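Enquirer: Build me a model:
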Amino acid sequence: MGNAEMSHFTRRGAIAAFAAAATLAGAAYAQDADWPTGPVRVVVGFPAGSSPDTLTRLITEPLAKRLGQPVVVDNKPGAGGVIGVQTMLMGNDGHTFATTINGPLTTSQRLVPNLSYDPATDVAPVALIATSPLVLAVNAESPAQDLAGFVDLAKAEPGALTYGSVGQGSGAHLTAELFASAAGVEMLHIPFTSYAEVTTSIVGGEIDSGFMAPSAALPQVQAGALRLLGVTSPEPSAVAPDVPVMAGQAGLPADFQAELWNAFIAPAGTDPAIIERLNTEINEILQDPAVTEPLLAMGWQAQPGTPEELATRIEADTAMWGGVIDRVGAAAN
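Expert: Alright, predicted model coming up:
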């Protein structure tokens, strides 16, 4: 699914800095043997019943059992998840955290005017939860039988081939522009408000293509109305196992990839021991089929990892999407 230039710092450096400060001077929210001492609050920047909310609840229910305290999900929707991060940062009590999609940590600083926080210095990565690639979908009657055929169509008449997205600055929009740049083609962007509208427009022949979540496209593939030409994950994805990887195909570089993701985060200054505890618990939860199977059914693949790995992903995605935003002059809806 923007941040300022990263030349003057790295997120890994930020993590090391706050960890060292916490160790030497005492963290703002010092952990004792009894942490957590009360209910844990997890803010979600999307409404109840949304995909980010459902994903969060899959994690927080077993997390509460492991922590021995209630884990309360607090929905604060708005601004593509930004309000959720802002709400978390106002918590500042050692018991308030958040889950977020990638946008508020990687693109919002470029897309949201006067953003009140800096993801690199105000947010502490805790754990990556899950990733989802996008798929390139065309009408089942499209003359493009594969990715190479699609690129050939786009090159034959620059700017004529259309693609839909779920809005300016969305992951679908930026992924399409990343693809266009990598493939050396020009396409015309047609923004919509939902994947359902994009899908309907491709099926109806109103637009030629769209990058979308596999869960939005697969029902129409099974119905014979859509064809999927490629998936944006670096390796074959369990979310769309029969769809070929785009990387290295049709002139695309071997490292081409674009994934949506969800992550668990904390305010910067949180005791590193708390972050380590949460990371360990979440990673163990992400090994449980009772969690991974519902995630996969929703179109998400569990991705355990360290806080440092999440920081590296945030840094790399911030740089990648920042370049796309600058090139196309994208703005949020």
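Enquirer: Against residue 300, how distant is the nearest residue to residue 48 once chain neighbours are set aside?
Expert: Spatially, and ignoring its direct neighbours in sequence, residue 48 is nearest to residue 75 (5.2 Å; CB to CB, 6 or more residues apart in numbering). The way it works is simple: take the backbone N, C-alpha and C, and place the C-beta from them, glycine included. Distance of residue 75 to residue 300, given as CB to CB, to the nearest Å: 19 Å.
Enquirer: Verify the contact between residue 111 and residue 325 for me.
Expert: Yes: using CB atoms under 8 Å, residue 111 is in contact with residue 325, at 6.9 Å.
Enquirer: So these two - more neighbours on which side?
Expert: The neighbour comparison of residue 111 against residue 325 (other CB atoms under 10 Å) goes to residue 111, with 25 against 22.
Enquirer: Beyond the longest strand anywhere in the chain, next helix or strand please.
Expert: Assignment by DSSP state E gives strand 123-133 as the longest strand of the chain. Remark: after strand 123-133, the chain's next helix or strand is strand 135-139, criterion DSSP states H and E.
Enquirer: Give me the contacts around that next one.
Expert: For strand 135-139, contacts defined as CB atoms under 8 Å, 6 or more residues apart in numbering pick out 144, 147, 150, 179, 199, 202-203, 205, 208-214, 217, 220-221, 225-232, 240, 243, 246.
Enquirer: one more time with 7 Å
Expert: Applying CB atoms under 7 Å, 6 or more residues apart in numbering, the contact partners of strand 135-139 are 144, 150, 202-203, 205, 208-212, 214, 217, 226-231, 240, 243.
Enquirer: Pull up the pairing partners for it, direction included.
Expert: Applying DSSP bridges, strand 135-139 is found paired with strand 209-212 (antiparallel), strand 226-231 (antiparallel).
Enquirer: what about residue 99, is that helix, strand or coil?
Expert: strand (DSSP: H, G, I helix; E, B strand; the rest coil).
Enquirer: Check which helix or strand residue 88 maps to.
Expert: Applying DSSP H and E, one finds residue 88 within helix 82-91.
Enquirer: And the lengthiest helix in the chain, what does it pack against?
Expert: Counting by DSSP state H, the longest helix found in the chain is helix 307-328. Under the contact criterion of 3 or more CB pairs under 7 Å, 6 or more residues apart in numbering; DSSP states H and E, helix 307-328 touches helix 11-25, helix 103-106, helix 108-111, strand 123-133, helix 171-183.
Enquirer: Could you check the helix or strand just after the last one and say which residues are buried?
Expert: Downstream of helix 171-183, the next assigned helix or strand under DSSP H and E is strand 188-191. If you call a residue buried by 16 or more other CB atoms under 10 Å, then strand 188-191 has these buried ones: 189-191.
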